[in-house]
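Engineer: have a look at this prediction, sequence included:
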Amino acid sequence: MTQPSAPLSLAFVASDRPEAQAARRALIQRYGAVSEADADVIVALGGDGQMLETLHANLRRRTPVYGMNRGSVGFLMNDYDEDDLIERIAAAERTVIHPLQMDAWTESGEVHTGLAINEVSLLRQTRQSAKLRITVDGRVRLDELSCDGCLLATPAGSTAYNLSAHGPIIPLDAHILALTPISAFRPRRWRGALLSHEAKVRFDVLEADKRPVSATADNFEVRRVASVEVRERRDVHLTMLFDAGRSFGERVMAEQFAN
């Protein structure tokens, strides 16, 4: 990001955590603030959840978001420091990501649509395992997956829930999505698949009345789904800013070598 010819207009948003709210007050007092609609950059204070919430809230505006960690998890955030904020943002590196669109049909026939920056996940709602049929680009690839759930993750989300479910970490420029089972019971040895970012994935819930399943796009949940279709939205651009030398791509690379 090049040095601007005029001072940046900043908006500050924060999670409910006391330390995030205190940081917001201190930064506004020091740098001033405008509304999110009028900002050149939005500064998000909190953890990764606050970053995702801020990106979702500004889907239409496409305003770049610069996060600072005032929460518990800060993989998507920069270190917190009140000094030289304008200079840090001006020198920051941009990461543009594209979300997934989830279209979920419930057992009653309702359709719900949501966008996911990290992943779309299907999870069993009861003690009984979920049974899913998985179709990729119109071809059934798995007739029946008995599991706790399954998820489709973006490269940006590959280090989140996907990694916890033993899915692969994906470089940001790989144009790949991770299809990862969650506690697969049958077929027991299926560990998931890597798909083109252009793939269209459909999940059909088998025995939905007996084995109810929920579908979630980041923090948007739909209960008792019958089928779910997921595809990448290349026409939607979301921009995160990271301190120079600590780009998101570098963080994803370093995570592959972490102990």
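Structural biologist: Happy to help now that I have it. Numbering: from 1, shown residues only.
Engineer: please identify which helix or strand holds Asn162.
Structural biologist: Assigned by DSSP states H and E, Asn162 belongs to helix 161-164.
Engineer: I should have written Leu59 there, sorry.
Structural biologist: Under the criterion of DSSP H and E, Leu59 resides outside all helices and strands.
Engineer: for it, give me its contacts.
Structural biologist: 115, 236, 238 (C-beta atoms under 8 Å, 6 or more residues apart in numbering). For every residue, glycine as well, the C-beta is placed using N, CA and C.
Engineer: now, which of those sits nearest Ala208?
Structural biologist: Leu115 (24.0 Å; C-beta to C-beta).
Engineer: any weak-confidence spans in the protein?
Structural biologist: Scanning the chain for pLDDT under 70 picks out 1-6, 259.
Engineer: could you redo the last one with a cut-off of 50?
Structural biologist: Under the criterion pLDDT under 50, the flagged ranges of the chain are 1-5.
Engineer: related to what we said a few turns ago, got the contact list for the helix holding Asn162?
Structural biologist: Defining contact as C-beta under 8 Å, 6+ apart, one finds that helix 161-164 is touched by 118-119, 121, 151, 153, 168-169, 178, 180, 255.
Engineer: one more pass at 6 Å, please.
Structural biologist: 119, 153, 178, 180 (C-beta atoms under 6 Å, 6 or more residues apart in numbering).
Engineer: and the helix or strand following that helix, what does it pack against?
Structural biologist: Next along the chain after helix 161-164, taking DSSP H and E as the criterion, comes strand 176-182. Packing contacts for strand 176-182, counted by 3 or more C-beta pairs under 6 Å, 6 or more residues apart in numbering; DSSP states H and E, involve strand 149-153, strand 193-196.
Engineer: which of those sits closest to Thr159?
Structural biologist: strand 149-153 (9.0 Å).
Engineer: packing partners of the closest one?
Structural biologist: Going by 3+ C-beta pairs under 6 Å, 6+ apart, strand 149-153 lies up against strand 119-124, strand 176-182.
Engineer: and it with strand 176-182, angle?
Structural biologist: Counting by axes from the mean of the first three to the mean of the last three C-alpha atoms, to 10 degrees, strand 149-153 points 170 degrees away from the direction of strand 176-182.
Engineer: list the strands paired with strand 149-153, with their directions.
Structural biologist: Strand 149-153 pairs in its sheet with strand 119-124 (antiparallel), strand 176-182 (antiparallel), by DSSP bridges.
Engineer: now tabulate those strands in TSV and tack on mean neighbour count.
Structural biologist: Below are the strands paired with strand 149-153 laid out as TSV (neighbours: other C-beta atoms under 10 Å):
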stretch	mean neighbour count
strand 119-124	24
strand 176-182	23
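Engineer: now render these as JSON lines, adding distance to Ala26.
Structural biologist: JSON lines is the format used below for these (distance: least, C-beta to C-beta, whole Å):
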{"stretch": "strand 119-124", "distance to Ala26": "34"}
{"stretch": "strand 176-182", "distance to Ala26": "39"}
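Engineer: these: which one's closest to Leu55?
Structural biologist: Using C-beta to C-beta, the nearest of the strands paired with strand 149-153 to Leu55 is strand 119-124, at 14.1 Å.
Engineer: residues making contact with whatever helix or strand comes next after the closest one?
Structural biologist: Per DSSP H and E, the first helix or strand lying C-terminal to strand 119-124 is strand 130-136. The contact list for strand 130-136, computed with C-beta under 6 Å, 6+ apart, reads 124, 141-147, 149-150, 199, 201-204, 206-207, 211, 213.
Engineer: equivalent analysis for stretch 93-100, please.
Structural biologist: Stretch 93-100 is contacted by residues 115-117, 120, 156, 230, 232-234, 236-240, 242, 247-248 when judged by C-beta under 6 Å, 6+ apart.
Engineer: how far is that stretch from where the chain is centred?
Structural biologist: Mean-position distance between stretch 93-100 and its chain equals 10 Å (C-alpha atoms, centre = their mean, to the nearest Å).
Engineer: in stretch 64-84, what's buried?
Structural biologist: 64-71, 74, 76-78, 80 (16 or more other C-beta atoms under 10 Å).
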